[in-house]
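Asker: just coords:
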């Protein structure tokens, strides 16, 4: 091919430390790859042009960090593991790409030390220590430590909204800001114009149209269209769908609650048949079912195909704990056991912080990086081949 | 010739149903008046026992058994003093021809005639007289891993062994390695070579006599009777029976590979140089002695490239993986890049490749190294194209290691002799157009002078003939270790590129072949491929015209010449192919059981119908190793072909004497088909070039045809493999059509 004749020459200097880190982050099989490209052939999600994950496998085994940091395909992968099942060498491309994503959570978002905290269990005391100290500080400011409020159980009596917001709004907003900066940097690194001229691929309907691309991306994520194309991991489709809609439902419910509190000036606690409560409960049911499906699969999963990393378990366990403690606290509140309800509420908040306070550095961030990568693929027209398949 | 002859006709396998057995018997009883003619119901155990018993009871000296193919019977199942011949009525008559048909019956009758005539013409075989004097000492040439192993194995089997090494120390290349590639499960960790232990073993073995710093002055005689004279500090003379040549390999010199910068840049070295460095302690830049942390291995540096070293040496990839391990052991930040075309890790070595592949500091890619450039600090930049990374890459390196292949340490005996002959011709002062030819010859192959290793006193040259890449092999599939000199076996990297483990296995095999050789010679038998054959060629030298065809054409260099050019036979060198018999224009070379007269008489025994009967006859001379078994398979598959052919198996197509063709045409055969093995560089002939020689004799045949005013098309040669049986009906069909076109032979009935 004429296009190949004019290949540019790149200076290659493998980053041994990168290889070691990806090995440690769940990609210890990556060097088994011998570049047969079975993975790229069996992948249902890859674009036809410059398909993944073969090229990612050799970039990783050659320690070419710079290539992978700005590679959107790492995020187009949904870890179906079709590739890992078919891989003749046990190189597990699915796990390798997940490990590369883990590496990126750790290294892509500013400040990096938070990424390091999220990457290994040994940092758990720090991860949980921060919300515990912050919440205790808020309680002591309110003067409620050691004093269980009397009367009907209202959480704001124990932890006033001011203290709650001080802890959560500040931390999540700061994290969101850092994430936004990182995502913008990521978008630039992907190079929006780089791929659109690629050979042999008709440009998709959304190419070059940012608004249409965003709509298409949102649609794809809401329908889990890509997930549905996985052969090996069909069960994950439902589980993940449950988790996503459960989470969305809770998030929307929380938004409505804020609107009711500050827009409509309705004082919580709200009645059980108000929108925040209905959405919250439905969300928790969907979330817990989804989580059970996913966790059960991960526990019974074939180690030869894929193994779960610390990052995977952190997100699943924290999510489940948030859902379960949220519901239990509600039950205890109805039961009228005040001390348990108030302190249970604090435990629930600690886990909420573990989920939301660090979201740009944990696997939680895949929502955003993946969104950007899919958006990029639609905006550059690289997604055309896959979209056609889906149609 | 009053030998008592018996004929046994088997009626089983459908023979009795397809043929008129009574009429067939009358050929034996009436035409040839044999002493005994009986029918048996099969050729299975009970009936065979009956035949054997009957042969003894009737006091027969010769017997003909007409039934299944000769390949059906286990050898040695008949009394040794009785000549037994088999007529192939099953595979080559009733299984490939219609039953109860006039032509089928004629075919069977002709085959029976040929069988009876054959036993009439055969003489009892006696072992050659030298078999009583066979020396069973095994001499091993070369003291590397292969040579040491061959000596140890031969000694362990109880044979006296002599080990000759040119250099002062034993051990060869193995002694120069830091480590060996993994040879034991799980094939992941580098191992000590273990060569010191082997050297100690061979040095302390009382059955092995070792000569170091020693070369061979001459080897006279033949296997079982080799008279060896050594030169060097331990000069000696002694007799040995068989020789294992394990002279090993030398690294390919990467000349004319300018883009790789060898000998141009200090830090471009060969894999052999890197090994030396590693063995001496540290892998360092040649330019300044600093530790080499970035090492690029360039695979196939000259290998698998017709312009340099055409073949794959099979171990360079593994060697580079091993040396990559050295680089990684030396520094945890070390980087070893291996740029290959195809990374080859045969057999269990795949595990080693997989292991090394997993090292974070080992980087593998397919690619073409297009340029090596030197930087100001003497480091190197390697440009690689067509990589698996999808882009051309450029890598900085402290060292570039060229993985060069293995060149056999052999001497091309035939070329050495050609140069010697050409020089002798020029020295004789004889003029003529030959002078320029000889001068050109010396210029072309002169570099072979002085490369002698074995210094054999053989008319065809002082060393083993080699194949196209210099490996002195004869037939790597069917007969590994065999060379074209009987009793001399090659082992290790001189035979084919291989690693230490392969050399050990090879040397063991070669040692046993050497032992087999001396044992069989002491029984008067020859070795492969006619293993066990005690017949040998006899020369009626009174009629020899010193044409030298036999001494030139023998693929095994059996015959020396006296000053006049008369052949001097060496039966222990002979493999009994009969090529000399085929070559001799005077027909003075014959075996007791395979002679010019025998085949000629068989041809004459065939009844050729008159021209007006419109039943042509075609003689098929078929190589008994491939073509003849292929005919049997045709029968087994029940494929049909013309009933007008008459097949005679020959030892090798090269053993076909042109007189047989002439006589068959003179007798009225309409054509002759010669079926032999594939020839050329990748020949399949058991005797190296028998079918090729027959093809070149075709000129004589064409001349004869011209004299007789017959068409060239009447004689054809086809190359056929044993597996290509399905081609046979087509070849015969097309040949019969050709005969129909050119018409019947006008010499019929004359």
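Answerer: Looks like it came in fine. Quantities reported herein were computed from a predicted structural model and do not represent experimental measurements.
Asker: Check which residues of the helix ranked longest in chain A are buried.
Answerer: Counting residues, the longest helix found in chain A (DSSP state H) is helix A:161-190. For helix A:161-190, a neighbour-count test (16 or more other CB atoms under 10 Å in any protein chain shown) marks A:163-164, A:167-168, A:171-172, A:175, A:178-179, A:182-183, A:186-187, A:190 as buried. For the C-beta atoms, the positions are set from N, CA and C on the backbone; glycine is no exception.
Asker: now stretch B:73-80
Answerer: Quick answer for stretch B:73-80 (16+ other CB under 10 Å): B:73, B:78.
Asker: same thing with stretch A:266-276?
Answerer: For stretch A:266-276, by 16+ other CB under 10 Å, it's A:269-270, A:274, A:276.
Asker: Turn these into TSV, columns for distance to chain B.
Answerer: Shown next, in TSV, are the buried residues of stretch A:266-276 (distance: CB to the nearest CB, whole Å):
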residue	distance to chain B
A:269	56
A:270	56
A:274	57
A:276	51
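Asker: As a check, name the ranges of all strands in the stretch 51-200 of chain B.
Answerer: Counting by DSSP state E, counting those that start in this stretch, the stretch 51-200 of chain B has strands at residues B:62-67, B:83-88, B:138-141, B:161-164.
Asker: Up against chain A, what does chain B have?
Answerer: Residues of chain B found near chain A (CB under 8 Å from any CB of the partner chain) are B:333, B:335, B:354, B:357-363, B:365-366, B:383, B:385, B:388-396.
Asker: Looking at the residues you listed, which are in strands?
Answerer: B:335, B:362-363, B:365-366, B:383, B:385, B:392-396 (DSSP state E).
Asker: Can you lay out the buried residues of stretch A:266-276 as CSV showing secondary structure?
Answerer: Output for those, formatted as CSV (DSSP: H, G, I helix; E, B strand; the rest coil):
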residue, secondary structure
A:269, coil
A:270, coil
A:274, coil
A:276, helix
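Asker: When you compare pLDDT across those residues, which one is lowest?
Answerer: Within the buried residues of stretch A:266-276, pLDDT reaches its minimum at residue A:269, with 76.
Asker: tell me, how many neighbours does the residue nearest to that one when sequence neighbours are not counted end up with?
Answerer: Nearest residue to residue A:269, sequence neighbours excluded (CB to CB, 6 or more residues apart in numbering or on different chains): residue A:154, at 6.4 Å. Other residues near residue A:154 come to 14 when the count uses other CB atoms under 10 Å in any protein chain shown.
Asker: swap in residue B:540?
Answerer: By other CB under 10 Å, neighbour count at residue B:540 equals 12.
Asker: measure it to chain A for me?
Answerer: Look at residue B:540 and chain A: by CB to the nearest CB, to the nearest Å, they are 66 Å apart.
Asker: thinking that residue is in contact with residue B:581, fair?
Answerer: No. At 11.7 Å, residue B:540 does not count as touching residue B:581 under the criterion of CB atoms under 8 Å.
Asker: residues shared between the contacts of these two?
Answerer: Common contacts of residue B:540 and residue B:581, defined by CB atoms under 8 Å, 6 or more residues apart in numbering or on different chains, comprise B:589-590.
Asker: Can you get me a residue count around residue 116?
Answerer: You didn't pick a chain, so chain A it is. 14.
Asker: that's the wrong chain, I meant chain B
Answerer: 25.
Asker: Next one, pLDDT for the nearest residue in space to it that is not next to it in sequence please.
Answerer: Among residues not flanking residue B:116 along the chain, residue B:32 sits closest, at 4.9 Å (CB to CB, 6+ apart). Looking at residue B:32, its pLDDT reads 94.
Asker: distance of residue B:32 from residue B:84?
Answerer: 16 Å (CB to CB, to the nearest Å).
Asker: wait, residue B:17 sits on residue B:104?
Answerer: No. In this structure, residue B:17 is not within contact of residue B:104 by CB under 8 Å, at 11.5 Å.
Asker: The two: who's more crowded?
Answerer: Counted by other CB under 10 Å, residue B:17 and residue B:104 do not tie: residue B:104 has more neighbours, with 19 against 12.
Asker: got the end-to-end distance for stretch B:452-461?
Answerer: In stretch B:452-461, first residue to last residue: 10 Å (CA to CA, to the nearest Å).
Asker: ah, wrong one, I meant stretch B:432-452
Answerer: Terminal residues of stretch B:432-452 are spaced 31 Å apart (CA to CA).
Asker: Could you verify my assumption that residue B:646 touches residue B:109?
Answerer: No. Counting by CB under 8 Å, residue B:646 does not reach residue B:109; the two are 10.9 Å apart.
Asker: Those two: which is more packed in?
Answerer: residue B:646 (25 against 21).
Asker: and the angle from the helix or strand encompassing the more buried one to strand B:83-88?
Answerer: Per DSSP states H and E, residue B:646 falls inside strand B:645-650. With axes from the mean of the first three to the mean of the last three CA atoms, to 10 degrees applied, the angle from strand B:645-650 to strand B:83-88 works out at 140 degrees.
Asker: outside of stretch B:683-690, which residues touch it?
Answerer: Contacting residues not belonging to stretch B:683-690 are listed as B:474-475, B:478, B:484, B:529, B:555-556, B:575, B:577, B:579, B:582, B:623, B:625-626, B:652-655, B:676-679, B:691-692, B:721 [CB under 8 Å, 6+ apart].
Asker: Of those residues, just the buried ones, PyMOL syntax please.
Answerer: Restricted to buried positions by 16+ other CB under 10 Å, the PyMOL selection for these reads:
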select buried, chain B and resi 474+475+484+529+555+556+575+577+579+582+623+625+626+652+653+654+655+676+677+679+691+692
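Asker: So which of the contacts of stretch B:683-690 belong to helices?
Answerer: Short answer: those in helices (DSSP H) are B:579, B:582, B:691-692.
Asker: okay, now the domains of chain B?
Answerer: Following automatic domain parsing, one finds the domains of chain B at B:1-122, B:133-248+B:451-522, B:258-405, B:414-448, B:528-589, B:595-750.
Asker: one step back: and the strands of the stretch 51-200 of chain B as a markdown table, adding mean pLDDT and mean neighbour count?
Answerer: Converted to a markdown table, the strands of the stretch 51-200 of chain B look like this (pLDDT from 0 to 100; neighbours: other CB atoms under 10 Å in any protein chain shown):
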| stretch | mean pLDDT | mean neighbour count |
| --- | --- | --- |
| strand B:62-67 | 96 | 26 |
| strand B:83-88 | 95 | 23 |
| strand B:138-141 | 98 | 30 |
| strand B:161-164 | 98 | 26 |
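Asker: I'd like those strands laid out as JSON lines, including distance to residue B:611.
Answerer: Formatted as JSON lines, these follow (distance: least, CB to CB, whole Å):
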{"stretch": "strand B:62-67", "distance to residue B:611": "29"}
{"stretch": "strand B:83-88", "distance to residue B:611": "28"}
{"stretch": "strand B:138-141", "distance to residue B:611": "62"}
{"stretch": "strand B:161-164", "distance to residue B:611": "67"}
